[in-house]
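Engineer: Provide a 3D model corresponding to the input given below.
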Amino acid sequence: MPTQFAGVTVVTKANVYFGGNVISHTVIMPGGEKKTLGVIRPGSYHFGTDAPEGMKIVSGTCRVRLDGFPTTKEYGTGESFEVPGKNGFTVEVSEGLCEYICSFLT
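Structural biologist: Take a look at the predicted model:
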């Protein structure tokens, strides 16, 4: 799991969702690929996706339920999951912070 990204551009304006309970910053990789690095505070939040996304948990834990599926799965530090494009997911953090890297897949 990466601990840092070299040679990138960071967009200084934060992406703020749910009253500041989910905050991320966009990182543009040297080849133009976009990622976001973010933090999720305790709570339950639903996100929709336009493009497929890969989420890697950097620190903490969360429970995730993909739209259309009845069950949730817990993910912890070093684990990842994918969300199809034109879909959505609910992420729930019960305590502490959950830090993540979101990659936009093609």
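Engineer: use CA for all of it now, contacts and neighbours both
Structural biologist: Will do.
Engineer: which element is the closest residue to Lys35 other than its chain neighbours on?
Structural biologist: Take Lys35 and drop its neighbours on the chain: the residue closest to it by Cα to Cα, 6 or more residues apart in numbering is Ser103, 4.7 Å away. In this structure, Ser103 sits in strand 98-104 according to DSSP states H and E.
Engineer: who does that strand pair up with?
Structural biologist: strand 34-40 (antiparallel), strand 53-59 (antiparallel) (DSSP bridges).
Engineer: and of the ones you listed, who's closest to Glu95?
Structural biologist: Proximity to Glu95, assessed across the strands paired with strand 98-104 by Cα to Cα, is greatest for strand 34-40 (10.0 Å).
Engineer: what mean pLDDT does the closest one have?
Structural biologist: Model confidence over strand 34-40, given as mean pLDDT, is 97.
Engineer: helix or strand right after that strand?
Structural biologist: Proceeding C-terminally, strand 34-40 gives way to strand 43-49 as the next helix or strand, assigned by DSSP H and E.
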